[in-house]
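[1] fold the following and give me the result.
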Amino acid sequence: MADYELDLEPVDSITVGVQGEPGQRTFYLEASRGSQTCTLVMEKAQVVELGAHLLAAMPDQRPEPAPAPAGGPLGPPGWRVGTIQISLDEPGGGCTLVMEELTEADDEPETDAEPRRVRLVASLSQMRGLADRCLLVVEGGRPLCPLCQLPMDPSGHVCPARNGHHRT
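    Purely as a prediction, here's the structure:
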């Protein structure tokens, strides 16, 4: 496995942000240490799962508020995140995220390119703040249908729970 494209230990700040209107939003994770900045594109589901896993791993941690990105990413968004690994070092008071690039290698077995990876190390309180921020960012989207739990557009949606016959 290749070395990390970027290794920030420890990060000065780590947060998630979003650009665009509900239904067409782009989610990203941003971390920085000094002049080094890492901005990676994530799926909404990844942001939800990251927040949920971090909250479950450290329920008693007092959060250090994750900063809200000012009007968008600090740097140009990098690659799209494929896999995320979380490692806790509770005695040391830290948490490590290793994020690996989403590649087409699964679809093209003959491709030898290895995915890029970054390593981000933060305090437990920073990660708890990140978890809270993840869930806050996701809540700003479209409301969920009470019947099927799918996002609804402002004009409603064809609900699968109603066999698609009625707009809710």
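
[2] ok, now which ones touch the spatially most central residue of the chain?
    Centroid-nearest residue in the chain, with CA atoms, centre = their mean: residue 47, separated by 3.3 Å. The contact partners of residue 47, by CB atoms under 8 Å, 6 or more residues apart in numbering, come to 16, 27, 29, 134, 137-138. Just so you know, the C-beta spots here come from the backbone N, C-alpha and C atoms, and that holds for glycine as well.

[3] what ranges do the strands span in this protein?
    Using DSSP state E, the strands of the chain run over 6-8, 13-19, 26-33, 36-42, 81-89, 94-101, 117-123.

[4] now those strands as CSV including mean neighbour count?
    Compiled in CSV, those are given as follows (neighbours: other CB atoms under 10 Å):
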stretch, mean neighbour count
strand 6-8, 18
strand 13-19, 22
strand 26-33, 23
strand 36-42, 20
strand 81-89, 15
strand 94-101, 20
strand 117-123, 21
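
[5] could you dump those strands to a markdown table with distance to residue 57 and mean pLDDT?
    Listed next are the strands of the chain as a markdown table, based on distance: least, CB to CB, whole Å; pLDDT from 0 to 100:
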| stretch | distance to residue 57 | mean pLDDT |
| --- | --- | --- |
| strand 6-8 | 20 | 94 |
| strand 13-19 | 15 | 92 |
| strand 26-33 | 17 | 94 |
| strand 36-42 | 18 | 93 |
| strand 81-89 | 6 | 94 |
| strand 94-101 | 8 | 96 |
| strand 117-123 | 13 | 96 |
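
[6] in JSON lines: the ones you listed, plus distance to residue 154.
    Rendered in JSON lines, the data for the strands of the chain read as follows (distance: least, CB to CB, whole Å):
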{"stretch": "strand 6-8", "distance to residue 154": "39"}
{"stretch": "strand 13-19", "distance to residue 154": "18"}
{"stretch": "strand 26-33", "distance to residue 154": "19"}
{"stretch": "strand 36-42", "distance to residue 154": "25"}
{"stretch": "strand 81-89", "distance to residue 154": "29"}
{"stretch": "strand 94-101", "distance to residue 154": "33"}
{"stretch": "strand 117-123", "distance to residue 154": "36"}
